[in-house]
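Visitor: Requesting a structural model of the entry that follows:
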Amino acid sequence: MHDYKRPPTLHRYGQRAELELALREGQFRLVPANPFMTLSFSTVWDKSLFDLLGQADSCLVIHNTDAFGEMLHRAVQKVLPTWAGIDGEVEYGVRAALGAAFTKSSAEAHEHEWLFAWRPMTPQSRMNPLTIKIGSIESFAELRERDSYQA
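Guide: Down below sits the predicted model:
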């Protein structure tokens, strides 16, 4: 049996300009991963992830993951009302209980991914990336630089 309780912190590695918008406005980009729309975070602080996850120069650290998750799911529900959302830990090297979207190879285990995913309740012919805004998360999140982070 798995515990689907959200971790105490979530980390999103990326370019500072993108993460500043995430912090101030709660702006995030959902990307298609058939048949889902997804948004990915890491459950760990790891300097190697700055390079592995797209040449990042900053990290958005979310301290109240329950408040964040609820804000995110509510905002996506307004934009995609006929989609069902779920979030959970990605499992590596085994078939995840949450399905294929939450399953990755053992070689990717260093990512320690936490995934937010939404699936359409009716068939979709084409999906494009989608930008959503959930509102400021500055009260429970912060930006950290690559070399100044303290866990």
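Visitor: just how off-centre is stretch 106-120 within its chain?
Guide: Between the centre of stretch 106-120 and the centre of its chain there are 8 Å (CA atoms, centre = their mean, to the nearest Å).
Visitor: ugh, typo on my part, it should be stretch 92-102
Guide: 16 Å.
Visitor: export that stretch as CSV, just CAs?
Guide: Extracted in CSV, the C-alpha atoms of stretch 92-102 (Å, rounded to 0.1, in the frame of the first residue of the first chain):
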residue,chain,number,x,y,z
TYR,A,92,10.9,4.0,-10.8
GLY,A,93,11.6,0.6,-12.3
VAL,A,94,8.1,-0.8,-11.5
ARG,A,95,4.6,-0.2,-12.7
ALA,A,96,3.2,2.6,-10.5
ALA,A,97,-0.1,2.0,-8.8
LEU,A,98,-1.3,5.4,-10.3
GLY,A,99,-0.5,4.2,-13.8
ALA,A,100,1.8,4.7,-16.7
ALA,A,101,2.1,8.5,-16.2
PHE,A,102,3.6,7.9,-12.8
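Visitor: Give me the mean pLDDT for it.
Guide: Averaged across stretch 92-102, pLDDT comes to 92.
Visitor: which residues touch that stretch?
Guide: Residues from elsewhere that reach stretch 92-102 (CB atoms under 8 Å, 6 or more residues apart in numbering): 2, 33, 36, 38, 86, 88-91, 103-106, 108-109, 115, 117. Where C-beta positions appear, they are placed from N, C-alpha and C, glycine not excepted.
Visitor: which secondary structure element contains residue 71?
Guide: helix 65-79 (DSSP states H and E).
Visitor: Next, the buried residues of that helix.
Guide: 65, 68, 69, 71, 72, 75, 76 (16 or more other CB atoms under 10 Å).
Visitor: which SS class is the residue most central in space within the chain?
Guide: The chain has residue 40 as the residue nearest its centroid, 2.8 Å off, counting by CA atoms, centre = their mean. For residue 40, the assignment made with DSSP: H, G, I helix; E, B strand; the rest coil gives strand.
Visitor: Quick check: it touching residue 114?
Guide: Yes: using CB atoms under 8 Å, residue 40 makes contact with residue 114 at a distance of 7.5 Å.
Visitor: returning to what we had before: same list, the buried residues of helix 65-79, but as JSON lines with pLDDT and distance to residue 15 please.
Guide: Below are the buried residues of helix 65-79 laid out as JSON lines (pLDDT from 0 to 100; distance: CB to CB, whole Å):
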{"residue": "65", "pLDDT": "97", "distance to residue 15": "22"}
{"residue": "68", "pLDDT": "98", "distance to residue 15": "20"}
{"residue": "69", "pLDDT": "97", "distance to residue 15": "23"}
{"residue": "71", "pLDDT": "97", "distance to residue 15": "22"}
{"residue": "72", "pLDDT": "98", "distance to residue 15": "20"}
{"residue": "75", "pLDDT": "97", "distance to residue 15": "22"}
{"residue": "76", "pLDDT": "97", "distance to residue 15": "23"}
